[in-house]
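Engineer: quick one: sequence plus predicted model below, questions after.
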Amino acid sequence: MVIDVYAILNELHEGSKTDRDPETDRLLKHTLRLFERHGAALSEQDQQKLVQIRAEISGLELDFQKSLNEDTTDILLTAKELEGCTESWMSGLSKIEKEDGTCYYRVTMKTPDILNVSRNAILPETRRRVAVTYRQVCVPVNEPRLDKLIRLRHEAATLLGYKSHAAFQLDINMAKTVETVENFLETITSSISDKLKSDKQVLLDLKRDEYQRRGWAAQFDEELYSWDIRYYQEILLKGRYAVDNSLIQEYFELNHVRDQIMSIYSKIFQLRFEQIPGKYWADDVTLFAVYDQKAQDDAGEAGKKDPSAFKVGYFYLDLFPRPGKYAHQCVVPLRPSHVVSSSGERILPVAVNVGNLSRPTADRPALLKHSEANTFFHEFGHVCHAMSSRARYSLFNFSWSVVPYPTSLAMDFLEVPSIMLENWLWEPTVLKRLG
């Protein structure tokens, strides 16, 4: 059946283009490419082999991510071991008291905990223990899966005529080839190598000074470890530039930041966001409807009478970590925008903004570091991208997770709009609004 459809699409592609508009012609070319990337041009024997390989890859990928999402690894540390960490963060940690009366804080391997320890914990052994534990999360079960994935991905790519899995992945991106990426990375690396060495030396000098000041000189070994970098970067920011992230975050209360980010994006894209009350898959998840405010204003009285006609999509905010949840930040399209061919109806997009920000506690609101506010602003750019996509076909909209991968939106372009938009977070006028 797949071969029959592929043959028909090939005939359409080779036939007259006069009855196809440019968008439909592009859809046909992209669909053919998807068929070929999934083995439609292979022999029947190789197709069966590819199906088996892909099924095994899919299972391994799901198991790999499921293990990470469901991991509950933590470390018990005393207040002394967490010296230097912020009180606002520690107040949100669960505690356990041992039989000897010692109180321990439960530090998880979730992003807020990892960042707070790596930036603030004074004791090197605390930072090392947390860093090593974090890197060993799920290694016993995921390392053999990863080894097998690497082999299977290479096997699938070569079966399709590519030299490697990297070549297969890059073929549909803007970069196109492995050579382009390697040349780009080499250019970047060579241009910053001297600066990298000097920056590393600055941090190493700070480490040497601290070891001498704290009476640890005998333990100094002239090495800058990975668990040292964020810590001494914080010291550099405080000492040389008078920048204290623990104080800065007092200005970035989550609810205020959220509301102001929405307000800024509302002005940039002339959209309106309205919260829809209700209970969703977790108590702290919220849902918003998005409206084209400019179109509604341009419609005058008609726009006031029927604002629902100017609705362009919906998005959820799911901002806090919980067991089993994806542990990083991203925006996932749940339903892409598209037009139903038979009726001409526009199906509105739905997306979810997934975050893992520090929760508020009984005595303190949720406070964001500037980097977290920056990430929030970046991710909300993806939300607006998803809501603003108006192509006729779902493949050409923000749809990477819900239509056959890859969509026509190159994955090395996907981040470009948000990378551009997040620069607003360094503008004084924007910082004043968020603070």
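Structural biologist: Great, that's in hand.
Engineer: how about the helices in the stretch 51-200 of the chain?
Structural biologist: Secondary structure of the stretch 51-200 of the chain (DSSP state H, counting those that start in this stretch): helices at 87-90, 111-120, 124-135, 139-159, 165-170, 178-213.
Engineer: out of the ones you listed, nearest to Ala55?
Structural biologist: With C-beta to C-beta as the measure, helix 139-159 is the member of these nearest Ala55 (10.1 Å). To be clear about C-beta, it is placed using only N, CA and C from the backbone, and glycine gets the same treatment.
Engineer: highest mean neighbour count out of the helices of the stretch 51-200 of the chain?
Structural biologist: helix 111-120 (a mean of 21; mean count of other C-beta atoms under 10 Å).
Engineer: packing partners of it?
Structural biologist: helix 87-90, helix 124-135, helix 226-241 (3 or more C-beta pairs under 8 Å, 6 or more residues apart in numbering; DSSP states H and E).
Engineer: taking the centroid of this protein, which residue is nearest it?
Structural biologist: Centroid-nearest residue in the chain: Cys330, 3.4 Å away (criterion: C-alpha atoms, centre = their mean).
Engineer: that one touches His378, doesn't it?
Structural biologist: No. Assessed by C-beta atoms under 8 Å, Cys330 is found out of contact with His378, at 10.3 Å.
Engineer: who touches both of the two?
Structural biologist: Here Cys330 and His378 have no joint contacts, going by C-beta atoms under 8 Å, 6 or more residues apart in numbering.
Engineer: Ser389: how many residues sit nearby?
Structural biologist: 20 (other C-beta atoms under 10 Å).
Engineer: for it, give its distance to Glu97.
Structural biologist: Distance, Ser389 to Glu97, by C-beta to C-beta, to the nearest Å: 53 Å.
Engineer: and of the helices of the stretch 51-200 of the chain, who's closest to Ser58?
Structural biologist: Nearest to Ser58, of all these, is helix 139-159, at 10.1 Å by C-beta to C-beta.
Engineer: check which helices and strands that closest one is in contact with.
Structural biologist: Looks like helix 139-159 contacts helix 44-70, helix 165-170 (3+ C-beta pairs under 8 Å, 6+ apart).
Engineer: show me the contact partners of the last one.
Structural biologist: In other words, helix 165-170. So helix 165-170 is contacted by 37, 150, 153-154, 156-157, 160, 162, 176-178, 180-181 (C-beta under 8 Å, 6+ apart).
Engineer: 10 Å - rerun?
Structural biologist: Residues outside helix 165-170 that contact it (C-beta atoms under 10 Å, 6 or more residues apart in numbering) are 37, 149-162, 164, 175-182, 406, 410-412.
Engineer: before we move on, back to that, okay if I get the helices and strands packed on helix 111-120 as JSON lines plus mean pLDDT and distance to Val352?
Structural biologist: Below are the helices and strands packed on helix 111-120 laid out as JSON lines (pLDDT from 0 to 100; distance: least, C-beta to C-beta, whole Å):
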{"stretch": "helix 87-90", "mean pLDDT": "88", "distance to Val352": "26"}
{"stretch": "helix 124-135", "mean pLDDT": "98", "distance to Val352": "26"}
{"stretch": "helix 226-241", "mean pLDDT": "96", "distance to Val352": "29"}
